[in-house]
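Colleague: Let me see the structure of the following:
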Amino acid sequence: MRSPGDGRPLPPRPSDGLRSGGAPAYQVPAGGAGAPTHKLPVASQVPEAPAPRTVPGGSGDEPPRAGSRVYGRERSGSSPVKPLRSGREPSQRAPRGPRKRPSGKTILKIVAGLLAVLLVAAVGMFFWIDSRLSGIDGVLDDYEGRPADTPGTNWLLVGSDSRKGLSAAERKKLRTGRAVGQRTDSMMLLHIPEGSDKPTLVSLPRDSAVTIPGKGRDKLNSAYALGGPKLLARTVETVTGIYIDNYMEIGFAGFVDIVDAIGGVEINVRAAVDDPLAGLKLKKGTQVLNGAQALGYVRTRKGGALPDFERTKRQRQFLGAVVKKAASPGILLNPFTSIPLAMSATDAVQVDSGTGAFDMLSLGLAMGDSPVTTVVPFGGEEPVPSGGTAIKWDRNKALALFDALKNDKPVPKNVLDAG
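Modeller: Here you go, the predicted model:
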């Protein structure tokens, strides 16, 4: 019998044959490459595994758990471990997925809703303004010999020296004086063409010598004093041959309120003005004028070789600036400015009974379109029966100007005011 360790292979044992299931037993190579170079420990040298721990309430056969440290505190192996749950806690919320972007249909609905709200508000404001307008009856009534209706739309715009609505303190501050009654301080004719041409704004000097129906030869502003808005409108139609479609009038108080309602108006003052009578002192250059300054600016007769001529220029300049700012989106879309403006305007202006909110909107759009501005051509003076002298119009140039407006044509350049 061979003993182990003598260098010769041992004969195979019966147990080294096929194992259960037919798999051959693993053959450990004896020597050579791949043979282990270290000795395996005998069974007596293998340490015994520790006895299994007994968990309270458990089966008693839970495997041992090594000590660990949890949140900086050492945990013994005997501490119970909370088993993991397959589901989530009731208080836990499922993670949110990516937010869905609004679809094109949703955006379209939102935009449509906003437009509908704006439309309703605009329509409501439109009817509210229309209900507040103060109409003067009979201003543009027909009469025998009245000019025929002409293409386009013609407005007679009148600024009166009415002190109505001004307190004694306000009259003193604005230097309006104590005059009673009501006279025309400025008159303009605005023609809005039917086509794409620009509107034309023409100043009618208040001291113009004209024939007043039923009254004779006198200054133009006397027509208002003698017969009010109706006689003034008829006089303008008679001397120009132009049919008047709409009439609008504003007094001193209303002018100041409108300018203040839109936060003042930026004006380029071409020459320094110092007029104690009008309570006005302005330096040359672009500046924002408040209501009181604006009133003094359009009324002063200081400056220029022809003070009244320069005055009409300032009136046209300022009217255009006021209407342009009032019709701007920054004013109209802001309820904090549009509502006070609407209230001031409807309280300040008077119109003929046939003029409504739609006509006022048309006027605002026309004035915001930077109209061509001029004054009736004139040359020389003539005495009038009421005393003093009046401005005499240049007949040929004046006729050329009025014929162009009457026929809805551009005004010839040779009759336009060069200034």
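
Colleague: For the rest of this, base every contact and every neighbour count on C-alpha atoms.
Modeller: Will do.

Colleague: quick one: the helices in the stretch 101-250 of the chain?
Modeller: Along the stretch 101-250 of the chain, counting by DSSP state H, counting those that start in this stretch, helices occupy 104-132, 168-174, 221-240.

Colleague: out of those, nearest to residue 138?
Modeller: Among the helices of the stretch 101-250 of the chain, helix 221-240 comes nearest to residue 138, with 6.8 Å by CA to CA.

Colleague: Report the rounded mean pLDDT for the closest one.
Modeller: Across helix 221-240, pLDDT averages out at 94.

Colleague: Can you name the residues in contact with that helix?
Modeller: Here helix 221-240 makes contact (CA atoms under 8 Å, 6 or more residues apart in numbering) with 138-140, 146-147, 156, 182-185, 206-207, 210-213, 220, 242-244, 247, 399, 402.

Colleague: so which helix or strand takes in the closest residue to residue 134 other than its chain neighbours?
Modeller: In space, residue 134 comes closest to residue 350 once its chain neighbours are excluded; the distance is 5.2 Å by CA to CA, 6 or more residues apart in numbering. According to DSSP states H and E, residue 350 maps onto strand 349-352.

Colleague: pLDDT weak spots in the stretch 251-400 of the chain?
Modeller: Applying pLDDT under 70 to the stretch 251-400 of the chain picks out residues 303-307.

Colleague: still on that earlier bit, which of the contacts of helix 221-240 count as buried?
Modeller: 139-140, 147, 156, 183-185, 206-207, 210-212, 220, 242-244, 247, 399, 402 (16 or more other CA atoms under 10 Å).

Colleague: Is the closest residue in space to residue 188 that isn't next to it in sequence bridged to anything, and to what?
Modeller: Closest residue to residue 188 apart from its sequence neighbours, by CA to CA, 6+ apart: residue 203 at 4.5 Å. With DSSP bridges as the criterion, residue 203 is bridged to residue 188, residue 375.

Colleague: Pretty sure residue 203 sits against residue 312.
Modeller: Yes. Using CA atoms under 8 Å, residue 203 is in contact with residue 312, at 6.3 Å.

Colleague: between those two, which one's more packed in?
Modeller: Each of residue 203 and residue 312 has its neighbours counted (other CA atoms under 10 Å); residue 312 has more, 24 against 21.

Colleague: quick one: contacts for the more buried one?
Modeller: When contacts are counted by CA under 8 Å, 6+ apart, residue 312 touches 186, 203, 205, 298, 375.

Colleague: State the distance from it to residue 201.
Modeller: Residue 312 sits 11 Å away from residue 201, going by CA to CA, to the nearest Å.

Colleague: circling back: quickly compare the helices of the stretch 101-250 of the chain and say which is most buried.
Modeller: helix 221-240 (a mean of 19; mean count of other CA atoms under 10 Å).

Colleague: That concludes my questions; thank you for your assistance.
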